[in-house]
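Student: Here's a sequence, model it:
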Amino acid sequence: MTWRTETIDAALEEARALVRSDGADFELVEANEKAARIVLRLDVSNASCETGACVLPGEMLEPLVAEALGRHLAGEFELRIIDPRRG
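Tutor: Coordinates of the predicted model:
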């Protein structure tokens with residue numbers, strides 16, 4: 001499997017499209033091809049979504065985001081979404 005920068009950028013852009021309409025975004029924390037792991041941080045700080053209530057919790061977004069990323073990244077990988085709203 002080869003995760004080129006362009007491939008990761010395209011995958012991340014598709015994942016971001018899932019939450020941007022709700023005023024949120026994703027920040028890439030880690031893309032480790034050898035460990036087959038991707039870590040994203042959910043950003044719900046946009047003023048149009050101050051409470052974050054308009055965005056699904058990170059654990060509920062994970063299957064949707066994994067599917068979007070999987071269209072661009074070959075092979076299986078572990079996805080973790082850090083959701084700052086979780087205590």
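
Student: So what pairs up with R80 in the strands?
Tutor: According to DSSP bridges, the partner residues bridging R80 are V39.

Student: mind checking how far it is from V39?
Tutor: Going from R80 to V39 by C-beta to C-beta, to the nearest Å gives 5 Å. Yep, even glycine has a C-beta here, placed from its N, CA and C like the rest.

Student: other SSEs contacting the lengthiest helix in the chain?
Tutor: Using DSSP state H, we find that the single longest helix of the chain is helix 5-20. Helix 5-20 sits against strand 25-32, strand 37-43, helix 58-70, with contacts defined as 3 or more C-beta pairs under 8 Å, 6 or more residues apart in numbering; DSSP states H and E.

Student: So what's the gap between it and the chain middle?
Tutor: On the basis of C-alpha atoms, centre = their mean, to the nearest Å, helix 5-20 is displaced by 8 Å from the centre of the chain it belongs to.

Student: Check stretch 5-24 too.
Tutor: With C-alpha atoms, centre = their mean, you get 7 Å for stretch 5-24.

Student: Buried ones in it, by neighbour count?
Tutor: Within stretch 5-24, the residues that count as buried by 16 or more other C-beta atoms under 10 Å are 7-8, 11-12, 14-16, 18-19, 22-24.

Student: Closest to D43 out of the residues you listed?
Tutor: A24 (6.1 Å; C-beta to C-beta).

Student: Return the distance of the closest one relative to I8.
Tutor: On the measure of C-beta to C-beta, A24 and I8 end up 19 Å apart.
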